[in-house]
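Chemist: need the 3D shape of this:
(one chain, ligands or ions: 1)
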Amino acid sequence: MKKQTELVVVSFPVTGHLLVMIELAKRLINHDHRRRIDTVTILLWKIPFAPHADIFAQSLIASEPRIKLTSLPEIREPPPLELFHKASEAYILESVKKIAPLVRDALSAIVSSSSESVRVVGLLLDFFCVPLVDVGNELDLPSYVFLTCSSGFLSMMKYLPERHRNIPSEFDRSSGDEELPIQGYVSSVPTKVLPPGLFVRESYKAFVELAEKFHYAKGILVNSFSELQPHGFDYFGRLESYPKVYPVGPILSLKDRPNPNQDAAERERIMRWLDGQPESSVVFLCFGSFGIHGGPQLKEIAQALELVGCKFLWSIRTNPTEETSPYGHLPDGFTDRTAAQGIVSGWAPQVEVLAHKAIGGFVSHCGWNSILESLWFGVPIATWPMYAEQQLNAFTMAKELGLAVELRLDYVSSQGEMVAADEIARAVRSLMDGGDGRREKVKEMAEGARKAVMDGGSSFSAITSFIGDLTVVDS
Ligand code: UDP
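Modeler: Numbering: from 1, shown residues only. The predicted structure follows:
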């Protein structure tokens, strides 16, 4: 009798990563009936800045009985939170090292308790959890990495250890205009668009350590698609001394996405307002889960919106520890003057907003999920990166692929720099004009994305190939 196949997954337990990893797990178990994974167990761990990960993950799998959650015990001595504030990647890496013995115990228990009819076929790890390949090796299980970012980020991770052998130190902001020959990019990449963590010693070391571990994975699944990044995927396809790369995206969570931040009445108000707006007339401004602007910057954005005069929906992220409401930072009389022009909101139902025909452009912090969502719905972006690897994403979209308007490429939220109203206004005008055939190009890419995930499409085939490689002993 053919054994049932079980995949064990370790995600990084914050909203964006969980959402996409669980969506991928759903695709794997619902893939083509001849090639699919039968069950998935997610080993769930907790990190202090995302304390409700378990409730959130539970809600995401509620309709899928073939995905199970197993909560790992709490980490006994978590790394100090000061490390997180100084060098978040180093904090994350230390945390992952601390969960390694917990993962080993849980995984051993799953393997030894699996009945004669079930075979654990491997481990699928969020890229932050890649050090757990050692646990997979100990238990003789192949480990695969899931990269929730672009092929450009993977190119950078391939490049880092190579550079580190010649220059074993973090990057220097004063050489920001220096161009780096990162393979997988058509153009050379300016140092200033690298993730801000690479300029901080502890985070840099963590990045290099993670990047070196990538080599020990059996394969790397990337949440992007060949039609979007052909150059990058061709490059990885030619490499022999690197794990096999599977372009499986876009993996998007478009339905069933309960969100702890979403207020139902606020959602209703936003969608009702959009229903009353002409087609492609509204610019949507939204900066991800953590894209917080200070009061003076909010004023510049407000002024820009008044200067341009187009319809707008502006989602403002607030600092949960700050008492002042962001609405208090808006210029005097702004809300009254713009009453017929636009609305300001807290957390927005971004996927529904981008799907709405009234939306004509998106000023985005360039989180990779936001980019994929905007491409899926054919909405052009103006780039305003803030943290994580968003600068690299902005560069990829504006310079490498010519799919976005460059508002900023190298803005870093923690550096307190200010973008002036007229600069924002210029980018918003260009975005809403849709000039240079950009709008058409983005619409074509939307079609490409939909074809990629359809039966027989490039990403669908990459998932088939991954499942085939994972379950090869069975066939
Ligand atoms: N999001 C949302 N409403 C908001 C802000 C964000 O629904 O007001 C969603 C967005 O649709 C995306 C995710 O949160 O799915 C953000 O992921 P991304 O990778 O773009 O950025 P991050 O928040 O991880 O920086």
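
Chemist: which one's the longest helix in the chain?
Modeler: Ranked by residue count under DSSP state H, the longest helix found in the chain is helix 88-113.

Chemist: now the helices for the stretch 51-200 of the chain?
Modeler: 53-61, 81-86, 88-113, 133-138, 151-166 (DSSP state H, counting those that start in this stretch).

Chemist: the strand of greatest length in the chain pairs with which strands, and in what direction?
Modeler: Ranked by residue count and defined by DSSP state E, the top strand of the chain is strand 118-126. When sheet partners are counted by DSSP bridges, strand 118-126 sits next to strand 4-10 (parallel), strand 143-147 (parallel).

Chemist: touching the ligand at all, that strand?
Modeler: No: counting by Cβ under 6 Å from any ligand atom, the ligand has no neighbours in strand 118-126; the shortest distance is 12.6 Å. The way it works is simple: take the backbone N, C-alpha and C, and place the C-beta from them, glycine included.

Chemist: angle of that strand against helix 88-113?
Modeler: Orientation of strand 118-126 against helix 88-113 (axes from the mean of the first three to the mean of the last three Cα atoms, to 10 degrees) gives an angle of 180 degrees.

Chemist: in terms of mean pLDDT, which of the helices of the stretch 51-200 of the chain ranks lowest?
Modeler: Lowest mean pLDDT within those: helix 53-61, a mean of 89.

Chemist: out of the strands paired with strand 118-126, which is closest to Ser115?
Modeler: strand 4-10 (8.8 Å; Cβ to Cβ).

Chemist: now the element after that closest one, going C-ward?
Modeler: Next in sequence after strand 4-10, counting helices and strands by DSSP states H and E, comes helix 15-30.

Chemist: paired strands for the next helix or strand after that next one, with orientation please.
Modeler: Next along the chain after helix 15-30, taking DSSP H and E as the criterion, comes strand 39-44. Using DSSP bridges, strand 39-44 pairs in its sheet with strand 4-10 (parallel), strand 67-71 (parallel).

Chemist: for the ligand, find the nearest of these.
Modeler: strand 4-10 (18.2 Å; Cβ to the nearest ligand atom).

Chemist: chain center to that closest one, what's the gap?
Modeler: Taking Cα atoms, centre = their mean, to the nearest Å, the mean C-alpha location of strand 4-10 is offset from the chain mean by 23 Å.

Chemist: ok, and what's touching it?
Modeler: Residues from elsewhere that reach strand 4-10 (Cβ atoms under 8 Å, 6 or more residues apart in numbering): 21, 25, 28, 37-43, 45, 99, 103, 107, 110, 114, 117-126, 129, 132, 141, 470-471, 474.

Chemist: so is stretch 153-170 next to the ligand?
Modeler: No: contact of stretch 153-170 with the ligand (Cβ under 6 Å from any ligand atom) is absent, the minimum separation being 11.8 Å.

Chemist: with only the CA atoms kept, save that stretch in CSV.
Modeler: Only the C-alpha atoms of stretch 153-170 are listed here, as CSV (Å, rounded to 0.1, in the frame of the first residue of the first chain):
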residue,chain,number,x,y,z
PHE,A,153,16.8,38.6,-2.4
LEU,A,154,18.0,35.1,-3.2
SER,A,155,20.7,36.5,-5.5
MET,A,156,21.8,38.8,-2.6
MET,A,157,21.9,35.8,-0.2
LYS,A,158,24.1,33.9,-2.7
TYR,A,159,26.4,36.9,-3.1
LEU,A,160,26.9,37.6,0.6
PRO,A,161,29.1,34.7,1.6
GLU,A,162,31.2,35.2,-1.6
ARG,A,163,31.8,38.8,-0.8
HIS,A,164,32.4,37.9,2.9
ARG,A,165,35.4,35.8,1.9
ASN,A,166,37.1,38.9,0.5
ILE,A,167,35.6,41.6,2.8
PRO,A,168,34.6,40.1,6.1
SER,A,169,32.7,43.1,7.5
GLU,A,170,29.3,44.8,7.3
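
Chemist: so how far is it off the chain centroid?
Modeler: Distance of stretch 153-170 from its chain centroid, counting by Cα atoms, centre = their mean, is 21 Å.

Chemist: so for that stretch, what gets flagged as buried?
Modeler: 153-161, 163-164, 170 (16 or more other Cβ atoms under 10 Å).

Chemist: widest-spaced pair of those?
Modeler: Largest pairwise distance in the buried residues of stretch 153-170, by Cβ to Cβ, is 20.3 Å, between Leu154 and Glu170.

Chemist: quick check: Ser175 touching Leu194?
Modeler: No: with contacts counted by Cβ atoms under 8 Å, Ser175 stays clear of Leu194, the gap being 11.0 Å.

Chemist: more neighbours: these two, which one.
Modeler: Neighbours were tallied for Ser175 and for Leu194 using other Cβ atoms under 10 Å; the higher tally belongs to Leu194 (25 against 10).

Chemist: once you drop chain neighbours, what's closest to the more buried one?
Modeler: Among residues not flanking Leu194 along the chain, Phe171 sits closest, at 5.9 Å (Cβ to Cβ, 6 or more residues apart in numbering).

Chemist: contacting residues for the closest residue to Val135 other than its chain neighbours?
Modeler: Closest residue to Val135 apart from its sequence neighbours, by Cβ to Cβ, 6+ apart: Arg104 at 4.8 Å. Each residue near Arg104 by Cβ under 8 Å, 6+ apart is listed here: 135, 138-139.

Chemist: what about the residue nearest to Leu194, neighbour count?
Modeler: 22.

Chemist: give me the distance between it and the ligand.
Modeler: Applying Cβ to the nearest ligand atom, to the nearest Å, the value for Phe171 to the ligand is 21 Å.

Chemist: quick one: that residue and Ser203 touch, right?
Modeler: No: if you go by Cβ under 8 Å, Phe171 and Ser203 don't touch, sitting 10.6 Å apart.
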